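Enquirer: Got a sequence here, can you model it:
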Amino acid sequence: MTSPQIIKMFPPSALEDVFISTSVLGQNGWSVTYTSTHICALKKSTVDIGCRYSYPSTRHNINTTVQKRLWFIKNKDEPLDLKTYSRRAEYRFHENDCTLRITDLRERDSAEYKFRFITNQPDGSYTGSPGVTLTVTDLQVKVRRLLNHTELQCHSSCDVIDPPSYVWYKNGQKIKEETSSLRVSVGDDDSSYSCAVKGHEGYLSPKLYYVLVNPSAEAEEGTSVSLNCGFNANPAANYSWYKGNIQTHISEGTVLDFSSIQPSDSGEYYCTAENELGRSASQSIFINVKYAPKPVNVSVTPPGEIVEGSSVTLTCSSDANPAAKYTWYKGNNNKPLSVDTQLVFTSIQPSESGQYRCRAYNGVGVTSDSFTIHVKCE
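Expert: Numbers count the residues shown, from 1 in each chain. As a prediction, this is how the structure comes out:
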């Protein structure tokens, strides 16, 4: 056979690569012509692999008749089994038309397809080779995190001469963006996004759930806390967790678990998702771990011996989150003496000798401590 003849053609839609017409010619008019040698189509769409063939009407004084026409996949010399396509593929044989139509495309349909026809002539079998390379791709939403917003990019592995217009969907509802990118503000959370090529809205990309966690969260010491990475990536991604502005790497995976969270776990956290399309970072979340007052300490001013008529101050302090409130009691009497960090005696008397108890509370827990005063008479 002679070398293929290349004729430039215009693409019928923005979904497919530039179409060329390739004729595989044999001697004396035997040929197979494909409308395109490369087709890139979206998953779930329909594609026609255009094809025409020709042959001499007579040869060796024998009228040529076509006995068999078939499509097969490269490296598989057997005919394409239509049963494996669940009625999604059909031959559109009519006269010299050998077009193959495949509906509801799957990514596994990607292959090199060739047409062959067999005649009654000696050595009268002809194959269009090279064949047609079909690439089936899914639209994907690529995520890029910027300073104050996130940019979503509608992405396809198909290279096209004229970039198509896109349609964006938020929570299943069409929004008025017809470019390949969509800006998502920091406060726009708990939403799903998908995109489609304009004119082919029936073939949506997989949904991407972009969940922005609250800028802060509170947890009590000792409780179980789980942080979920807010990206549902397609293709699958590797997830990492970091703490603080110094980007300390602490964990892998979509979930960061604290089985018994501690005050030292307080801080800023964020996750990243990385695949072949790029790397994205989530909005940071600040975890504030609350804990009961500990320990409570009562101190006396001035220190030393307490003399009748002197000024004495008891001070209660504790480490707590949130800050503790304090109440003072004397002995077993539950009537509060003061609601303050300090209990002040401007001129202490012997009758005020006794045990004083400070109760610290902050909504998480209650802790107390006591101090015994002995007033010396003058």
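
Enquirer: Please make it C-alpha for all contacts and neighbour counts, starting now.
Expert: OK.

Enquirer: What separation is there between the closest residue to Tyr356 other than its chain neighbours and Ser110?
Expert: Closest residue in space to Tyr356, ignoring its immediate chain neighbours: Lys330 at 4.5 Å, by CA to CA, 6 or more residues apart in numbering. Distance of Lys330 to Ser110, given as CA to CA, to the nearest Å: 84 Å.

Enquirer: Report the residue ranges of every domain in this protein.
Expert: Using automatic domain parsing, the domain ranges for the chain come out as 5-137, 140-210, 216-283, 293-376.

Enquirer: Mean pLDDT lowest where, among those domains?
Expert: Lowest mean pLDDT of the domains of the chain: domain 140-210, a mean of 71.

Enquirer: who's Ser280 bridged to?
Expert: Ser280 has these beta-bridge partners by DSSP bridges: Ala273.

Enquirer: can you check Tyr169 too?
Expert: Applying DSSP bridges, one finds that Tyr169 bridges with Lys174, Ser194.

Enquirer: That one touches Ser181, doesn't it?
Expert: No - assessed by CA atoms under 8 Å, Tyr169 is found out of contact with Ser181, at 12.0 Å.

Enquirer: residues contacting the nearest residue to Gly222 once chain neighbours are set aside?
Expert: Sequence neighbours aside, Ser260 is the residue nearest to Gly222 in space, at 4.2 Å (criterion: CA to CA, 6+ apart). Neighbouring residues of Ser260 by CA atoms under 8 Å, 6 or more residues apart in numbering: Glu221, Gly222, Thr223, Ser224, Val225.

Enquirer: From those, which land in strands?
Expert: Within the contacts of Ser260, residues falling in strands by DSSP state E are Val225.

Enquirer: Scan the contacts of Ser260 and report the most crowded one.
Expert: With neighbours taken as other CA atoms under 10 Å, the top of the contacts of Ser260 is Glu221, carrying 20 neighbours.

Enquirer: isn't that one right up against Ile287?
Expert: No - using CA under 8 Å, Glu221 is not in contact with Ile287; the gap is 11.4 Å.

Enquirer: residues contacting the residue nearest to Lys376 when sequence neighbours are not counted?
Expert: Among residues not flanking Lys376 along the chain, Val307 sits closest, at 4.8 Å (CA to CA, 6+ apart). Neighbour list for Val307: Ile348, Val375, Lys376, Cys377, Glu378 [criterion: CA under 8 Å, 6+ apart].

Enquirer: What is the burial count for the second one?
Expert: Just to be clear, that refers to Val375. Look at Val375: counted by other CA under 10 Å, it has 19 neighbours.

Enquirer: and if you look at the third one?
Expert: Neighbour count for Lys376, taken as other CA under 10 Å: 14.

Enquirer: same deal with the first one?
Expert: By the other CA under 10 Å criterion, the neighbourhood of Ile348 contains 19 residues.

Enquirer: neighbours of the residue lying closest to it once chain neighbours are set aside, just the number please.
Expert: The shortest distance from Ile348 to any non-neighbouring residue, by CA to CA, 6+ apart, is to Gly309 (5.0 Å). Residues within reach of Gly309, counting by other CA under 10 Å, total 16.

Enquirer: what do you get for Thr99?
Expert: Neighbours of Thr99 under the rule other CA under 10 Å: 20.
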